[in-house]
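> Quick one, structure for this:
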Amino acid sequence: MKRIDSVLNTRSADFLANRQHNLRLVEVLRQQQANVRHVRPERDMERLARQNKLFVRERIAQLLDPGTPFLELSTLAANADYDGEVPGAGVVTGVGIVSGREVMVNASDASIKGGAWYPLSVKKIVRATDIAVENRLPMVHLCDSAGGFLPLQAELFPDRHNAGRIFRNQSILSKMGVPQVSIVLGHCTAGGAYVPALSDYSVIVRGNGAIFLGGPPLVKAATGEEVSADELGGCDVHTRISGTADYPASNEYEAIAIARDVVAQWKRPVKADVQWQEPEAPLYDPQELYGIIPRDIKVQFDMREIIARMVDGSRFHEYQPAYAPTLVCGFANLWGYKVGILANNGVLFNESAQKGTHFIELCNQNRTPLIFLQNITGFMVGKDYERRGITKDGAKMIMAVAGSEVPKFTVICNGSFGAGNYGMSGRAFDPRFLFMWPQSQISVMGAEQAANVLADVKLRQLARTGAELSAEEIAAIRDPVLEDFRRQSSALYSTSKIWDDGILDPVDTRNALGIAISAALNQPIAPPSYGVFRI
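The predicted structure follows:
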């Protein structure tokens, strides 16, 4: 493959201003992540210490193989919800290495509301189990939860992708032959009791661990029976009498050590056969990404400069380089894995959609995983483009994305608007993982476009009655829309709602994708198969 020839001027005023702007955003991101990961009220940490419990981050450190990476998912989930009182949605999830095996970790954070499940906690756990199913990833559950947060039970219990989906996904994993182990470090109450019960193996800590469908207060209210948590569903009850748990442990360290030994017995998966070669660092410094990403989301930049700082050796075999230049397509290697890349260099025209569709088909034929790098305002609109069939051509690309059998990975590098999000494998199209960069925005259209559309609609309505609006009245329509769209289209809002799998520091993207691709290859790749393309 040919090396990309970068034309970036790293001493230009624009580059330096972009770099300063993006470094500030990344510093804010790192501080927010550090707060979510490590900052808790002193009373909550003292409570854990009194109970002889480790903090969730200490538990995960004991679980993972020393010196191995951990791809944490949705770190800032719920940052804009619940008045900021449920950092990380009260759960830590991510892909890590345990006893040499790739696993999905699902860990309750008992320092937050006793590990109670909020609606976004459930969504985060469901997403983790979805990823496990999609990628045949074994799971390790670190269980310590007070159960569902009852004041919000209507938002976490009844619907298809609410709490029951966790247990459905656990059952599907078992059906697929993908193993799971639960470590019961605290109470597993009500629906949470099914997490260890549906696991292939379960370890329970004597004294703190307990599994029961109804805790002591509920049992007393329902039956009048007075019983302690340990008598109701403690370690000895479930390892000596009921058989609900398999291994007793005297403390958390022993429990985690037993679980690590359990994972060591699991058969190593046979990875999907894809092209691979020895990895090579990018020729160009990934730190230069900070200077490439513009301060203003409306300013265009060349995605080849991003690719050059992400792929092995900065080498890229570009497909149809002279045709449909607003969509860059081509082959590269990332951490040794052969990948096909689709990257936006502008709006998607008819020929852009046709080029992308064909390239996706080629990657499926060649068993090459796909990476989508989004910076897209959408498909082109207008009379001429509709007559040329832009809707039909866009549908072809959407069909190709939806019908793709090879693993897909999406990074929203800047803007992600309208149907362009769909054509570039947005969340609705099941990429195995989807990440955002700190300055990214996602919405049905840009804030200014939306404000102008609503103002124009109002003006047309008034024109029919002969009335007119003053400049101040037009601003009164536009300004609230601008404010709402800007807030709701931000990366922080998106990640709070778990519309993505987390915000990445741009320089970490190569590593995150490498872990994601490796995890995805636990799932065999099916032969290419498509529906009907409208020609």
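
> State the distance from residue 265 to residue 235.
Taking Cβ to Cβ, to the nearest Å as the measure, residue 265 falls 22 Å from residue 235. Placement of C-beta: from N, CA and C, glycine included.

> Can you give me the buried ones in stretch 392-409?
393-401, 403-404, 406-409 (16 or more other Cβ atoms under 10 Å).

> same question, stretch 206-223
206, 208-216, 219.

> and what of stretch 478-487?
For stretch 478-487, by 16+ other Cβ under 10 Å, it's 478, 481-482, 485-486.

> average pLDDT across the longest helix belonging to the chain?
When the chain is parsed with DSSP state H, its longest helix is helix 13-38. The average pLDDT for helix 13-38 rounds to 98.

> Which is the succeeding secondary structure element to that helix?
helix 42-50 (DSSP states H and E).

> Residues in contact with that following helix: which ones?
54-55, 110-112 (Cβ atoms under 8 Å, 6 or more residues apart in numbering).

> could you redo the last one with a cut-off of 7 Å?
Helix 42-50 is touched from outside by 55, 110-111, with contacts defined as Cβ atoms under 7 Å, 6 or more residues apart in numbering.

> Closest to residue 336 out of those?
When the contacts of helix 42-50 are compared for distance to residue 336 (Cβ to Cβ), residue 55 wins out at 35.7 Å.

> Could you list which residues are in contact with that closest one?
Contacts of residue 55 (Cβ under 7 Å, 6+ apart): 45, 48, 111.

> mind listing what the last one touches?
Right, residue 111. Applying Cβ under 7 Å, 6+ apart, the residues contacting residue 111 are 40, 44-45, 48, 55-56.

> at 8 Å what do you get?
Residue 111 neighbours (Cβ under 8 Å, 6+ apart): 40, 44-45, 47-48, 55-56.

> Kindly reformat those residues as a markdown table containing distance to residue 197.
Formatted as a markdown table, those follow (distance: Cβ to Cβ, whole Å):
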| residue | distance to residue 197 |
| --- | --- |
| 40 | 30 |
| 44 | 28 |
| 45 | 30 |
| 47 | 27 |
| 48 | 25 |
| 55 | 26 |
| 56 | 22 |
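
> Please identify which pair of the buried residues of stretch 478-487 lies farthest apart.
Taking Cβ to Cβ, no two of these sit farther apart than 478 and 486, at 12.1 Å.

> Confirm residue 57 sits in a strand?
No. Assignment of residue 57 by DSSP: H, G, I helix; E, B strand; the rest coil gives helix, placing it outside any strand.

> and the gap between it and residue 66?
Taking Cβ to Cβ, one finds residue 57 at 15 Å from residue 66.

> re the thing from before, identify, from the contacts of helix 42-50, the entry nearest to residue 444.
residue 111 (37.3 Å).

> Please state the offset of stretch 458-476 from the chain centre?
The chain centroid and the centroid of stretch 458-476 are separated by 43 Å under Cα atoms, centre = their mean, to the nearest Å.

> Sort out which residues of that stretch are buried, please.
residue 474.

> Can I get that stretch as PDB, trimmed to CA atoms?
Taking Å, rounded to 0.1, in the frame of the first residue of the first chain, the C-alpha atoms of stretch 458-476 are listed here in PDB:
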ATOM      1  CA  LYS A 458     -43.700  30.500  11.100                       C
ATOM      2  CA  LEU A 459     -43.100  33.300   8.600                       C
ATOM      3  CA  ARG A 460     -45.000  31.400   5.900                       C
ATOM      4  CA  GLN A 461     -47.900  30.800   8.300                       C
ATOM      5  CA  LEU A 462     -48.100  34.500   9.100                       C
ATOM      6  CA  ALA A 463     -47.700  35.500   5.500                       C
ATOM      7  CA  ARG A 464     -51.000  33.800   4.700                       C
ATOM      8  CA  THR A 465     -52.700  36.100   7.100                       C
ATOM      9  CA  GLY A 466     -50.900  39.200   6.100                       C
ATOM     10  CA  ALA A 467     -49.000  39.500   9.400                       C
ATOM     11  CA  GLU A 468     -45.300  40.100   9.700                       C
ATOM     12  CA  LEU A 469     -42.700  39.300  12.400                       C
ATOM     13  CA  SER A 470     -40.200  41.800  13.700                       C
ATOM     14  CA  ALA A 471     -36.500  40.900  13.900                       C
ATOM     15  CA  GLU A 472     -36.900  40.500  17.700                       C
ATOM     16  CA  GLU A 473     -39.800  38.100  17.300                       C
ATOM     17  CA  ILE A 474     -37.900  36.000  14.700                       C
ATOM     18  CA  ALA A 475     -35.000  35.800  17.200                       C
ATOM     19  CA  ALA A 476     -37.400  34.700  19.900                       C
END
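
> can I assume residue 397 is in contact with residue 421?
No. With contact defined as Cβ atoms under 8 Å, residue 397 does not reach residue 421; the gap is 12.0 Å.
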